[in-house]
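**Student:** following is a predicted model, sequence given first.
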Amino acid sequence: MSRPVRVRFAPSPTGPLHIGGVRTALFNYLFAKKHNGVFYLRIEDTDQNRFVSGAEEYIFEALEWLGISPSETVGNNEKFGPYRQSERKHLYKQYADELIEKGWAYYAFDTAESLENHRKQHEAQGKTFIYNWHNREKLDTSLVISTAETQKRIASGENYVIRFKTPVNETLHLHDVIRGDIKFETNLLDDKVLYKSDGMPTYHLANIVDDHLMETSHVIRGEEWLPSLPLHHLLYKAFGWNAPEFAHLPLILKPIGNGKLSKRDGDKMGFPVFPLNWKNEDGTISSGYRESGYFPEAVVNFLALLGWNDGTDQELFSLEELVEKFDLNRVHKAGAKFDPEKNKWFNHQYLQKQSDESLAENFKQILSEKNISTALSVTDEKLIKIVSLIKERANFVSDFWDLADYFFEAPTTYDEKAVKNWKEETPNLMKALIVELEKISDFNASALEEKIKPWLLENKVMPVLRLCLVGALKGIDLFQLMEILGKEETIKRIEKAVESL
């Protein structure tokens with residue numbers, strides 16, 4: 001690479017960070033780390049009408065949770081600061097003026113009403129109104145009025161915008177790292193607004209100026225920005241600057257049906273599309289991966305594989321492995337289908353990697369929230385043992401309660417289908433079993449299996465014993481269960497079942 005790698009993630013604080021934006025941040029992070037470069041974050045808040053309070057803080061918190069925080073950003077190592085576009089607005093007017101001086105831009109005084117009239121006239125003729133080369137000299141612009149008149153109107157406070165003057169009859173041959181060579185005809189492009197009447201630049205001007213001033217080497221962004229590539233290329237040309245390399249990532253598609261995964265799809269379809277919970281203006285909560293019980297490593301892993309792979313069948317990657325293997329040339333062009341069930345599978349894999357001790361601590365929080373006392377003498381040691389026995393069947397720590405509630409609450413009801421195993425002679429057999437259990441001094445799983453299992457098999461009451469202890473025909477190995485419950489609680493539950501059934 002000809003220059004040091006500097007890549008950026010440049011979100012707008014207009015709401016919660018969509019999972020597609022997170023993937024863009026991740027790919028930029030991986031690319032930077034792979035090439036010993038810099039990953040920086042710039043807040044693009046030039047559209048003040050769409051600014052949402054709390055959104056900026058949400059972005060930083062989400063990236064920190066995922067372990068992909070930028071090395072330069074607002075308030076941190078601001079080498080090319082400020083990193084908030086609204087604090088850079090004094091910069092952009094001079095660049096807009098420079099484009100006018102060079103003949104690459106012009107003033108446009110058209111009112112919203114006049115533009116709307118033009119659109120309606122075109123629609124009436126079955127045409128689409130495009131503000132570009134074929135009509136810009138027929139509209140209210142500095143291209144058709146004198147310089148003196150233009151300056152007079154500006155000085156009088158009349159509203160204007162500055163538009164880019166797209167070249168006529170040119171074919172642009174551009175290159176995208178992911179998509180290869182792409183061709184654009186300039187006659188099909190519109191003259192985008194670069195500078196607005198409110199004194200703020202549009203995304204296009206601010207983005208190019210900032211990327212240049214912040215020495216961005218590669219622009220890695222979503223496919224939705226591909227139509228802006230010719231304008232951005234022309235802006236670099238107009239300023240006489242070297243353009244960065246561009247790479248447009250494939251869309252993340254809905255799990256079912258067609259189209260891009262939207263912010264509204266998540267809760268509607270029953271899965272998160274945001275990294276963290278977000279409280280909406282109406283008080284409702286849009287769910288996030290963190291609060292839904294996902295491990296950040298699992299989210300990073302499944303996002304990395306949305307549109308990229310390393311050419312092998314490997315599916316589980318640590319962040320360090322992703323950095324080592326990441327290559328923009330292996331990013332796909334086609335959209336990547338979002339698969340919520342596969343995402344759960346990833347979380348399951350990462351849950352298995354956690355230590356039983358840390359999972360037990362997480363489970364403790366759940367028990368505390370449920371006001372579960374330690375009446376059944378479940379020590380930390382026993383809790384760790386319980387976790388080790390149930391985690392194989394869990395996708396989330398929140399699944400632990402449904403998988404292990406019977407350890408903490410003795411059954412008060414019994415599964416109707418399982419009760420069919422309860423025969424006329426069962427009460428006497430259960431009483432006899434209690435006598436056998438009383439004889440065992442070493443109440444551990446191996447001793448119980450050795451001394452009780454033959455008796456249970458001979459009398460065909462193993463399902464019945466599970467029913468007594470759990471209230472249903474579910475749960476872990478019966479002898480492990482009895483060891484954790486202990487002799488006193490095991491016998492108490494058998495007695496309760498005999499009495500109830």
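**Tutor:** Arrived safely. Residues are numbered from 1 along each chain as shown.

**Student:** could you use CA atoms for every contact and neighbour count after this?
**Tutor:** Fine.

**Student:** return the distance of residue 348 relative to residue 395.
**Tutor:** Look at residue 348 and residue 395: by CA to CA, to the nearest Å, they are 4 Å apart.

**Student:** no no, residue 70
**Tutor:** Computed with CA to CA, the distance linking residue 70 and residue 395 is 30 Å.

**Student:** and the worst-scoring helix or strand of the chain on mean pLDDT, C-alpha only, in CSV?
**Tutor:** Ranking every helix and strand in the chain by mean pLDDT, DSSP states H and E puts helix 265-269 at the bottom, with a mean of 85. In CSV, the C-alpha atoms belonging to helix 265-269 read as follows (Å, rounded to 0.1, in the frame of the first residue of the first chain):
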residue,chain,number,x,y,z
ASP,A,265,-37.4,-5.6,11.0
GLY,A,266,-35.9,-6.7,14.3
ASP,A,267,-38.5,-6.6,17.0
LYS,A,268,-41.2,-7.2,14.3
MET,A,269,-39.5,-10.5,13.4
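
**Student:** helix or strand next in line after that helix, which one?
**Tutor:** Reading on from helix 265-269 to the C-terminus, the next helix or strand found by DSSP states H and E is strand 278-279.

**Student:** what's the domain layout of this protein?
**Tutor:** Structurally, the chain divides into domains by automatic domain parsing as follows: 6-73+208-253, 90-195, 265-350, 354-398, 416-500.

**Student:** deepest of these, which one?
**Tutor:** Each of the domains of the chain was assessed for mean neighbour count using mean count of other CA atoms under 10 Å. The highest is domain 6-73+208-253, with a mean of 19.

**Student:** for the nearest residue to residue 334 once chain neighbours are set aside, give its distance to residue 179.
**Tutor:** Here the nearest residue to residue 334 in space, its sequence neighbours aside, is residue 250; by CA to CA, 6 or more residues apart in numbering that works out to 5.8 Å. When CA to CA is applied, the distance between residue 250 and residue 179 equals 10 Å.

**Student:** pull up the overlap in contacts between those two.
**Tutor:** Listed as contacting both residue 250 and residue 179 by CA atoms under 8 Å, 6 or more residues apart in numbering are residue 333.

**Student:** returning to what we had before: worst mean pLDDT among the domains of the chain?
**Tutor:** Ranked by mean pLDDT, these end with domain 354-398 in last place, scoring a mean of 88.

**Student:** what separation do you get for residue 370 and residue 271?
**Tutor:** 24 Å.

**Student:** hmm, I typed the wrong one, I wanted residue 96.
**Tutor:** Residue 96 sits 44 Å away from residue 271 when distances are taken as CA to CA.

**Student:** export only the CA atoms of the longest helix out of those in the chain, formatted as PDB.
**Tutor:** Longest helix in the chain, counting residues (DSSP state H): helix 478-500. The C-alpha atoms that make up helix 478-500 are tabulated as PDB, following Å, rounded to 0.1, in the frame of the first residue of the first chain:
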ATOM      1  CA  LEU A 478     -30.600 -38.500  37.700                       C
ATOM      2  CA  PHE A 479     -27.800 -39.400  40.000                       C
ATOM      3  CA  GLN A 480     -26.000 -36.100  39.500                       C
ATOM      4  CA  LEU A 481     -29.300 -34.400  40.300                       C
ATOM      5  CA  MET A 482     -29.700 -36.400  43.600                       C
ATOM      6  CA  GLU A 483     -26.100 -35.500  44.600                       C
ATOM      7  CA  ILE A 484     -26.700 -31.800  44.100                       C
ATOM      8  CA  LEU A 485     -30.100 -31.900  45.900                       C
ATOM      9  CA  GLY A 486     -28.600 -33.800  48.800                       C
ATOM     10  CA  LYS A 487     -30.100 -36.700  50.800                       C
ATOM     11  CA  GLU A 488     -32.500 -34.700  52.900                       C
ATOM     12  CA  GLU A 489     -34.100 -32.700  49.900                       C
ATOM     13  CA  THR A 490     -34.200 -35.900  47.700                       C
ATOM     14  CA  ILE A 491     -36.100 -37.800  50.400                       C
ATOM     15  CA  LYS A 492     -38.400 -34.800  51.100                       C
ATOM     16  CA  ARG A 493     -39.400 -34.500  47.500                       C
ATOM     17  CA  ILE A 494     -40.100 -38.300  47.200                       C
ATOM     18  CA  GLU A 495     -42.300 -38.100  50.300                       C
ATOM     19  CA  LYS A 496     -44.100 -35.000  48.900                       C
ATOM     20  CA  ALA A 497     -44.900 -36.800  45.700                       C
ATOM     21  CA  VAL A 498     -46.200 -39.900  47.500                       C
ATOM     22  CA  GLU A 499     -48.400 -37.600  49.500                       C
ATOM     23  CA  SER A 500     -49.600 -35.600  46.500                       C
END
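
**Student:** and that helix, what does it pack against?
**Tutor:** Counting contacts by 3 or more CA pairs under 8 Å, 6 or more residues apart in numbering; DSSP states H and E, helix 478-500 packs against helix 426-439, helix 445-459, helix 462-470.

**Student:** and stretch 55-70, how far out from the chain middle?
**Tutor:** For stretch 55-70, the distance from its own C-alpha centre to the chain's C-alpha centre is 11 Å (CA atoms, centre = their mean, to the nearest Å).

**Student:** alpha carbons of it, as CSV, please.
**Tutor:** Once non-C-alpha atoms are left out, stretch 55-70 reads as follows in CSV (Å, rounded to 0.1, in the frame of the first residue of the first chain):
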residue,chain,number,x,y,z
ALA,A,55,-27.4,8.6,19.8
GLU,A,56,-23.7,9.7,19.9
GLU,A,57,-23.1,8.2,23.3
TYR,A,58,-24.9,5.0,22.2
ILE,A,59,-22.4,4.6,19.3
PHE,A,60,-19.4,4.8,21.5
GLU,A,61,-20.9,2.5,24.1
ALA,A,62,-21.8,-0.1,21.4
LEU,A,63,-18.3,-0.2,19.9
GLU,A,64,-16.7,-0.4,23.3
TRP,A,65,-18.9,-3.3,24.3
LEU,A,66,-17.9,-5.1,21.1
GLY,A,67,-14.2,-4.5,21.7
ILE,A,68,-13.7,-2.5,18.5
SER,A,69,-13.3,1.1,19.9
PRO,A,70,-11.5,3.6,17.6
